[in-house]
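Student: fold the following for me, if possible:
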Amino acid sequence: MSQIVVIGASMGGLNAVERVLRGLPGDFALPVLVVQHRSEDGPSLLAGLLGRHSPLQVCEAEDKVQLRPGCVLVAPAGYHSLVERGHVSLSTEAEVRYSRPSIDVALETAAEAYGDRAVGVVLTGANDDGAHGLAEVRRRGGVAVVQDPAEAESRSMPEAAIAAADPQWILGLEEIGPRLAAIAAGAEVRR
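Tutor: As a prediction, this is how the structure comes out:
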């Protein structure tokens, strides 16, 4: 059974992540980490904005924060989020693919910590961040889900993730939340 979901998004990501979270049930049994490329300027409003559209608790990740079922953690601007077994650590190491937070870093560390129990989701974005991390999730036996590039605000990230990771699922935004719920419930057969 899966134990963590990592969702990565960039350009156009706020709307995309909102729609995915809205599709999750209130009793969703896995922790979720959202990594959204964004500016470091000013106070973070992202967790509050996403929380308005989710039946789950949404809060900004802090260093060493515990991963809890049914809780959505949002990577803070300016920090990489490293997934470790049971918690998330924050790092100010160099940018990866011109980003901090890096989707690749979150996915790669989730794959390392959780192996075949990691679920990676790559949504809209204008670069290839997330492709290598999602490929690592697949390499370790985890589940890879990618937004259908045809409906993405920016196709680059989903197309790069599809090319690199050969995901089990390429879905529209309205389909991703219910698919994640089925995966969490153990009702999905891995392909």
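Student: contacts and neighbour counts: CA atoms only from here.
Tutor: OK.
Student: in what helix or strand does Leu49 lie?
Tutor: Per DSSP states H and E, Leu49 falls inside helix 46-51.
Student: next helix or strand past that helix?
Tutor: Counting by DSSP H and E, the next helix or strand C-terminal to helix 46-51 is strand 57-60.
Student: which other helices and strands does that following strand contact?
Tutor: Applying 3 or more C-alpha pairs under 8 Å, 6 or more residues apart in numbering; DSSP states H and E, one finds that strand 57-60 makes contact with helix 46-51, strand 71-74.
Student: for the ones you listed, give me JSON lines that also has distance to Glu18.
Tutor: Below are these laid out as JSON lines (distance: least, C-alpha to C-alpha, whole Å):
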{"stretch": "helix 46-51", "distance to Glu18": "6"}
{"stretch": "strand 71-74", "distance to Glu18": "12"}
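Student: export the ones you listed as JSON lines, with columns for mean neighbour count, mean pLDDT and distance to Met11.
Tutor: Formatted as JSON lines, the helices and strands packed on strand 57-60 follow (neighbours: other C-alpha atoms under 10 Å; pLDDT from 0 to 100; distance: least, C-alpha to C-alpha, whole Å):
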{"stretch": "helix 46-51", "mean neighbour count": "18", "mean pLDDT": "80", "distance to Met11": "14"}
{"stretch": "strand 71-74", "mean neighbour count": "24", "mean pLDDT": "94", "distance to Met11": "16"}
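Student: which intervals of this protein have sub-threshold pLDDT?
Tutor: The model of the chain has pLDDT under 70 over residues 1-2, 39-43, 187-191.
Student: re the thing from before, and of the helices and strands packed on strand 57-60, who's closest to Pro158?
Tutor: Judged by C-alpha to C-alpha, the one of those that comes nearest to Pro158 is strand 71-74, at 20.1 Å.
Student: what's the spacing between the closest one and its chain's center?
Tutor: 10 Å (C-alpha atoms, centre = their mean, to the nearest Å).
Student: ok, residues contacting it?
Tutor: Strand 71-74 is contacted from outside by 30-36, 46-47, 56-61, using C-alpha atoms under 8 Å, 6 or more residues apart in numbering.
Student: try it again at 7 Å.
Tutor: Residues outside strand 71-74 that contact it (C-alpha atoms under 7 Å, 6 or more residues apart in numbering) are Pro31, Val32, Leu33, Val34, Val35, Ala47, Leu56, Gln57, Val58, Cys59, Glu60, Ala61.
Student: for the helix or strand in which Asp104 is found, output the C-alpha coordinates as PDB.
Tutor: Using DSSP H and E, Asp104 sits in helix 103-114. Extracted C-alpha coordinates of helix 103-114, given in PDB (Å, rounded to 0.1, in the frame of the first residue of the first chain):
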ATOM      1  CA  ILE A 103      10.200  18.900  -7.600                       C
ATOM      2  CA  ASP A 104      12.900  16.500  -8.500                       C
ATOM      3  CA  VAL A 105      14.500  16.700  -5.100                       C
ATOM      4  CA  ALA A 106      11.100  16.000  -3.400                       C
ATOM      5  CA  LEU A 107      10.300  13.100  -5.700                       C
ATOM      6  CA  GLU A 108      13.800  11.500  -5.600                       C
ATOM      7  CA  THR A 109      13.900  11.600  -1.800                       C
ATOM      8  CA  ALA A 110      10.300  10.200  -1.500                       C
ATOM      9  CA  ALA A 111      11.400   7.400  -3.800                       C
ATOM     10  CA  GLU A 112      14.400   6.700  -1.700                       C
ATOM     11  CA  ALA A 113      12.500   6.800   1.600                       C
ATOM     12  CA  TYR A 114       9.400   5.000   0.500                       C
END
